[in-house]
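Enquirer: with the input below, show me the fold.
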Amino acid sequence: MLIKFSLENWMSFRDEVTFSMVASRERQHSERVPRLKKYGTNVLPIAAIYGGNASGKTNLVRALAFAKEFIVGGVQPSNLIPVEPFLLDSAMIDRPSRFSFEILADETIYEFFFATTRDSIHEEKLTIIKSTSERILYHRLGREVSFDASLEKDMEYLNFAFRGTRDNQLFLTNSVFQRVETFRVVYEWFENSLVVIGPESRFQPFEQFFDDRSPLFTSMSERLRQLDTGIERLGSEEISFDDMSLPDFIKADLNNKLAEGMSVRLHSTQITPSVVITRTNGKLIAKKLIAYHSTNENDETRFEIHRESDGSQRVIDLIPAFIDLTTESSEKIFVIDEIDRSLHTLLTRKLLQWYLETCFKGKRTQLLFTTHDILLMDQQLLRRDEMWVTERERSGTSQIISFGEYHDVRYDKDLRKSYLQGRLGGVPHILLTSTPREQASEDCDEKSTYAS
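Expert: Numbering: from 1, shown residues only. All right, here's what the predicted structure looks like:
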């Protein structure tokens, strides 16, 4: 689970901000809030992030995506680190961007922090947090590192692994590459638990959802029917991977990164259909995604996915994530940018309800999403501390605040009116004071005044 996430000097976030999933003392919907008994802490299962356009919502998601990719894969030896500092203040451009995570991995809380410029890692620290104490497992400052005394028996190999860590590489990443098991649980949280889905990205793996031998096939088909997409089921048709009209660098990337048994979905373009690519017995197999609809004659007819509406395609993208979220044993944290893109508000609400109905004190899944859909800003659906808003100040820097911090917001209050009136922040500051027609009329009046 994600406990807290802090960042500084990243895109529109100049100053340090902290996004916390720690529950407040609010009692509403308390039955579905997971509890970390060992720590005496409750952690929220869901968070909705609102805000005007260019307020920082997507930049927060991009920070999570950057951190995951950088920690899990790193960069090539000669490449720059793709960090993006705050550009509206010249003093910040050459300063390190800072990222800090508090996570629950294997029922233990860890804090992982790193500060980096495009050239090198300036600082990195991993701390294990127990119920009554905390211990810094390692602390890196530039080319120097110190390890906790509890790691003494592995100290020689840890120092060896650190000496092989490049300036543009995290020690956490290289330690796993060097088969150091000590910190693997933290690395695997970023690799396997944290999943970031953008407005145009596709959930992966995907193949099992159109394989009628998989138990997930039935779940996927039932959800598609319940959400009134008109789709009865999904299927596939195998096509030649070598003959696909993909750029060579994408084919090379798939060959290098797709492990045995893994699948990825590539969305449709003007020259390629929506396909799922799987590595089976060492070979890349491409399958074109097909949707089947019922006809008036009680038969089925096939539709290629590009013929489906944008909303139906978005549902196909999101349902696998919600099936995972509603699985009791899952420990995934899904971060979805613009969850409501192309979706009717009742459909989005239903997806959220499906998930929340499965949450309980022992559950370890989480859903974080950005949205403009204010009909989801409903305290019958979400707690106040589960709703956040981003706000861009005049200086261009973004801030983020939880509705739970507004002490005068009652649990039975309709938040939507206050939000649209700007009382809670996070709405666009529109400068136009009149419509185009009214403006044209005002211009004519001015011309008449000057002529007279």
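Enquirer: what about this structure, any weak spots by pLDDT?
Expert: Under the criterion pLDDT under 70, the flagged ranges of the chain are 199-208, 210-212, 268-273, 407-413, 425-452.
Enquirer: check the secondary structure at A259 for me.
Expert: coil (DSSP: H, G, I helix; E, B strand; the rest coil).
Enquirer: start at 188 instead
Expert: Noted, 188 is the first residue going forward, which turns the last one into A446.
Enquirer: hang on, isn't it packed against R466?
Expert: Yes. Counting by Cβ atoms under 8 Å, R466 is a contact partner of A446 at 6.4 Å. C-beta coordinates here come from the backbone N, C-alpha and C atoms, glycine included.
Enquirer: so for these two, which residue has more residues nearby?
Expert: Per other Cβ atoms under 10 Å, whichever of A446 and R466 has more neighbours is R466, with 18 against 6.
Enquirer: please report phi then psi for the residue nearest to V363 when sequence neighbours are not counted.
Expert: Ranked by Cβ to Cβ, 6 or more residues apart in numbering and with sequence neighbours excluded, the top spatial neighbour of V363 is Y374, at 4.6 Å. Main-chain dihedrals, Y374, degrees, to the nearest 10: phi -60, psi -50.
Enquirer: cool, R282 as well?
Expert: The phi and psi values for R282, taken as degrees, to the nearest 10, are phi -80, psi 150.
Enquirer: find the nearest non-adjacent residue to it, please.
Expert: Excluding its sequence neighbours, the residue lying closest to R282 (Cβ to Cβ, 6+ apart) is N196, at 5.6 Å.
Enquirer: what's around the one you found, how many residues?
Expert: Using other Cβ under 10 Å, N196 is surrounded by 24 other residues.
Enquirer: that one contacts F273, doesn't it?
Expert: Yes. Contact criterion Cβ under 8 Å: N196 and F273 qualify, at 5.3 Å.
Enquirer: who touches both of those two?
Expert: Residues touching both N196 and F273 (Cβ atoms under 8 Å, 6 or more residues apart in numbering): M279.
Enquirer: residue contacts, F547?
Expert: The neighbourhood of F547, defined by Cβ under 8 Å, 6+ apart, consists of E218, R219, P221.
Enquirer: repeat that for F521.
Expert: By Cβ under 8 Å, 6+ apart, the residues touching F521 are V382, I384, A508, D511, L512, T552, Q553, L554, L555.
Enquirer: just say helix, strand or coil for it.
Expert: At F521 the chain is in strand, as set by three-state DSSP.
Enquirer: what bridges to it?
Expert: V382, L554 (DSSP bridges).
Enquirer: and it, how far from M407?
Expert: As judged by Cβ to Cβ, to the nearest Å, F521 and M407 stand 16 Å apart.
Enquirer: cool, D560 as well?
Expert: From D560 over to M407 the distance is 24 Å, taken as Cβ to Cβ.
Enquirer: can you pick out the residue with more neighbours from these two?
Expert: Per other Cβ under 10 Å, whichever of D560 and M407 has more neighbours is M407, with 22 against 18.
Enquirer: re earlier: which one among the contacts of F547 gets closest to N240?
Expert: Relative to N240, the closest of the contacts of F547 is R219; by Cβ to Cβ it sits at 31.6 Å.
Enquirer: residue contacts, the closest one?
Expert: The contact partners of R219, by Cβ under 8 Å, 6+ apart, come to P232, L543, C546, F547.
Enquirer: now the helices for the stretch 288-437 of the chain?
Expert: Secondary structure of the stretch 288-437 of the chain (DSSP state H, counting those that start in this stretch): helices located at 342-350, 358-364, 371-375, 402-413, 435-444.
Enquirer: those helices: which one's closest to S284?
Expert: S284 sits nearest to helix 358-364 of all these, at 16.6 Å, using Cβ to Cβ.
Enquirer: hey, C-alpha coordinates of that closest one in PDB?
Expert: Taking C-alpha atoms only, helix 358-364 is exported to PDB below (Å, rounded to 0.1, in the frame of the first residue of the first chain):
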ATOM      1  CA  PHE A 358      21.600   1.900  -5.500                       C
ATOM      2  CA  LEU A 359      18.300   0.200  -4.900                       C
ATOM      3  CA  THR A 360      18.000  -0.700  -8.600                       C
ATOM      4  CA  ASN A 361      21.600  -1.900  -8.900                       C
ATOM      5  CA  SER A 362      21.500  -3.900  -5.700                       C
ATOM      6  CA  VAL A 363      18.700  -6.000  -7.200                       C
ATOM      7  CA  PHE A 364      20.500  -6.300 -10.500                       C
END
